[in-house]
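Engineer: turn this into a model:
(one chain, ligands or ions: 1)
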Amino acid sequence: MKILDGKLLSKQIIEEIAQEVQEMKASGQRAPHLAAVLVGEDPASQVYVRNKVRSCEKVGFDSTLIRKDSNITEEELLKIVHELNENEAIDGFIVQLPLPKHIDEEKVTLAIDPHKDVDGFHPVNFGRMAQGLPAYLPATPFGILQMLERYDIEVTGKECVVLGRSNIVGTPISILLSRKARPGNATVALCHSRTKDLKSHTLRADIIVVALGIPEFLTADMVKEGVVIIDVGINRVDDPNAKRGYRLTGDVKYDEVAEKASFITPVPGGVGPMTVTSLIKNTLRAAKKEVYG
Ligand code: GUN
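Structural biologist: Predicted coordinates:
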């Protein structure tokens with residue numbers, strides 16, 4: 001069994017991007033600039049946004065963090081989005097989700113200029129991705145592709161099973177793995193809460209991507225020997241012995257599944273760091289005008 005070390009890999013990618021940013025600056029160009037909008041006090045969102053801003057610093061990007069109280073109105077938030085759309089000094093930006101209940105996330109996502117949508121959440125980017133056109137790929141699926149590529153894991157012709165059909169992970173990764181591209185060309189089953197006899201699917205799979213948000217859902221009896229496991233779950237579970245009172249666990253029962261797997265991502269330190277790195281990559285692509293010209 002080999003661990004897919006997202007922490008190490010993202011460090012390498014961050015170093016590569018830092019080198020490129022240095023060269024950009026040396027040639028007289030300004031640094032890429034990412035803005036992040038964080039609304040409210042959701043603890044996980046605060047950690048994620050902090051990591052994003054830190055990664056910007058590591059690669060030499062400029063970053064702007066806009067923090068707003070959870071009682072901000074939808075109208076005020078939309079105004080911020082419009083200002084960021086117009087601001088030529090900003091290459092790309094994200095609005096961290098989830099948003100407070102009184103704000104319509106779909107409306108906010110639709111308001112983001114697709115040219116600056118480095119999260120790849122806007123339907124224009126999603127549609128372009130689905131058709132194989134240049135697009136910002138959503139960060140987690142993009143991170144998974146990079147991981148498969150850099151660890152030289154063959155995907156072509158393989159049986160892949162994706163558990164979970166979210167707009168951010170499950171649905172896009174199922175499209176990307178089946179696209180006529182590299183990595184891609186897999187036969188993909190997208191499984192979800194209404195799937196009948198889930199185990200018959202997972203037992204056939206060469207590669208399983210689990211993105212359900214259910215701690216330790218995938219167990220050893222559900223997988224075959226040699227399977228590649230990509231665990232996207234980051235769940236906080238109570239643990240009185242842990243310093244913070246909780247520990248992080250994935251959607252996979254790691255110890256027992258790892259014994260059968262050829263490759264597996266740990267949680268934390270697997271897909272998570274790759275997601276942040278992908279956002280940085282997308283921002284670099286935005287600054288270089290690689291996607292929309
Ligand atoms: N919330 C959880 N993941 C993400 C992400 O990748 N981007 C944004 N904007 N919000 C999130």
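Engineer: pLDDT at the nearest residue to residue 87 once chain neighbours are set aside, what is it?
Structural biologist: Closest residue in space to residue 87, ignoring its immediate chain neighbours: residue 35 at 7.9 Å, by C-beta to C-beta, 6 or more residues apart in numbering. Quick note: C-beta positions are derived from backbone N, CA and C, even for glycine. For residue 35, the model assigns a pLDDT of 98.
Engineer: residue 35 against residue 89, yeah?
Structural biologist: No: counting by C-beta atoms under 8 Å, residue 35 does not reach residue 89; the two are 9.3 Å apart.
Engineer: show me what contacts the residue nearest the centre of the chain?
Structural biologist: Closest to where the C-alpha atoms of the chain average out (C-alpha atoms, centre = their mean) is residue 140, at 1.8 Å. Residue 140 makes contact with 168-169, 173, 211, 232, 271, 274-275, 278, according to C-beta atoms under 8 Å, 6 or more residues apart in numbering.
Engineer: among those, name the ones in helices.
Structural biologist: 173, 271, 274-275, 278 (DSSP state H).
Engineer: which SSE is the closest residue to the ligand within the stretch 51-200 of the chain in?
Structural biologist: Nearest residue of the stretch 51-200 of the chain to the ligand, counting by C-beta to the nearest ligand atom: residue 97, 3.7 Å away. Using DSSP states H and E, residue 97 sits within no helix or strand.
Engineer: got the phi and psi for the residue nearest to the centre of the chain?
Structural biologist: Backbone torsions of residue 140, given as degrees, to the nearest 10, read phi -70, psi -50.
Engineer: most neighbours among the ones in helices among the contacts of residue 140, which one?
Structural biologist: Counting neighbours by other C-beta atoms under 10 Å, residue 271 leads those with 30 neighbours.
Engineer: could you dump the ones in helices among the contacts of residue 140 into JSON lines and include pLDDT and distance to residue 160?
Structural biologist: As requested, the ones in helices among the contacts of residue 140 are arranged in JSON lines below (pLDDT from 0 to 100; distance: C-beta to C-beta, whole Å):
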{"residue": "173", "pLDDT": "98", "distance to residue 160": "9"}
{"residue": "271", "pLDDT": "98", "distance to residue 160": "15"}
{"residue": "274", "pLDDT": "97", "distance to residue 160": "18"}
{"residue": "275", "pLDDT": "96", "distance to residue 160": "19"}
{"residue": "278", "pLDDT": "98", "distance to residue 160": "19"}
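Engineer: looking at residue 35 and residue 89, which has the bigger crowd around it?
Structural biologist: More crowded of residue 35 and residue 89, by other C-beta under 10 Å: residue 35, with 24 against 9.
Engineer: re earlier: redo the contacts of residue 140 as CSV? Include distance to residue 29.
Structural biologist: Compiled in CSV, the contacts of residue 140 are given as follows (distance: C-beta to C-beta, whole Å):
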residue, distance to residue 29
168, 31
169, 33
173, 33
211, 36
232, 35
271, 31
274, 26
275, 26
278, 22
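Engineer: ok, and of those, which contact the ligand?
Structural biologist: Among the contacts of residue 140, none lies close to the ligand by the criterion of C-beta under 6 Å from any ligand atom.
Engineer: looking at those residues, which is nearest residue 52?
Structural biologist: Using C-beta to C-beta, residue 275 comes nearest to residue 52 of these, at 9.4 Å.
Engineer: my guess is the closest one contacts residue 137, does it?
Structural biologist: No: checked against C-beta under 8 Å, the pair residue 275 and residue 137 is beyond contact range at 11.2 Å.
Engineer: got the contact list for the residue nearest to residue 217 when sequence neighbours are not counted?
Structural biologist: Among residues not flanking residue 217 along the chain, residue 251 sits closest, at 4.9 Å (C-beta to C-beta, 6+ apart). Applying C-beta under 8 Å, 6+ apart to residue 251 gives the contacts 163, 210-218, 231-233, 235.
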